[in-house]
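**Q** Mind folding the following:
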Amino acid sequence: MTNFIPVILIAIAYLMGSIASAILVCKLFGLDDPRSEGSGNPGATNVMRLHGKKAAILTLIGDVLKGVIPVLLAKVLGSSEIVVALCALAAFLGHLFPIFFSFKGGKGVATLIGVLFATHWLLGLAYVLSWAFFALLFRYSSLSALLSAVLTPLYSWLILQDIKVLICHSLMAVLLLWRHQSNIRKLIAGTEDKIGQKKEQT
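**A** Numbers count the residues shown, from 1 in each chain. Okay, here's the model as predicted:
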């Protein structure tokens, strides 16, 4: 049974990641499904645009926690670094491709932050501080998230110096970039919304 514990932990991580906080929060408050309006993304940013701060904050907390909990569970049970890293990856994949919602999930920023903090607090702090720096510099939330993701493998190596963990973190960074294709196109075209920018009424 002991040999199956890592597999069970990784499966639990994926299932927890598959819990779509945005959809559940909107259902709880009787709000429209975020997949059917706005950007169509079931994440905190779209929920903020559609339904305001309260629902967005709850969504953000849920998405972060589903990254934190499975990784901490693996660590508490004394799992190896690679099992912890695979749990982090599984939770992240669950958010991107949730089994409970036809494998159509969010873009992964909040869950990535959760798994990074749970893996090592300095990793999470490095990502958040990078995001804040780029947000102040460029005023684009998506660009800040993307640039911080690009730096994540570097932070991972500097802090943990484990090649297996580095590979998992690099894969998460690549997947986050891939999930932000629409934002990248808008950034190139100059049509991406800046932080605090209000849309013109038509």
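**Q** so where's the chain uncertain?
**A** For the chain, applying pLDDT under 70 flags the ranges 1-2, 197-202.
**Q** Okay, helices next: where are they in it?
**A** Listed in chain order, the helices of the chain (DSSP state H) span 5-17, 21-28, 44-51, 53-76, 81-96, 109-119, 121-138, 141-160, 163-179, 181-189.
**Q** Please identify the most buried of those.
**A** The highest mean neighbour count among the helices of the chain, using mean count of other CB atoms under 10 Å, belongs to helix 109-119: a mean of 27. Backbone N, C-alpha and C define where each C-beta goes, glycine included.
**Q** still on that earlier bit, TSV please, covering the helices of the chain and showing distance to Arg35.
**A** Shown next, in TSV, are those (distance: least, CB to CB, whole Å):
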stretch	distance to Arg35
helix 5-17	17
helix 21-28	7
helix 44-51	9
helix 53-76	13
helix 81-96	14
helix 109-119	17
helix 121-138	25
helix 141-160	18
helix 163-179	14
helix 181-189	14
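**Q** who wins for proximity to Gly38 among those helices?
**A** Closest of the helices of the chain to Gly38 is helix 44-51, at 4.6 Å (criterion: CB to CB).
**Q** From the chain's centroid, how far away is that closest one?
**A** From the chain centre to the centre of helix 44-51 is a distance of 15 Å (CA atoms, centre = their mean, to the nearest Å).
**Q** residues in contact with that helix?
**A** Helix 44-51 has contacts (CB atoms under 8 Å, 6 or more residues apart in numbering) with 21-22, 25-26, 29, 31-32, 34, 37-40, 55-57, 59-60, 63, 110, 141.
**Q** hmm, back to that, indicate which one of the helices of the chain is closest to Ser102.
**A** Nearest to Ser102, of all those, is helix 21-28, at 11.3 Å by CB to CB.
**Q** Counting by contacts, list what the closest one packs against.
**A** Under the contact criterion of 3 or more CB pairs under 8 Å, 6 or more residues apart in numbering; DSSP states H and E, helix 21-28 touches helix 44-51, helix 53-76.
**Q** again, only this time at 10 Å
**A** On a contact count with 3 or more CB pairs under 10 Å, 6 or more residues apart in numbering; DSSP states H and E, helix 21-28 meets helix 44-51, helix 53-76, helix 109-119.
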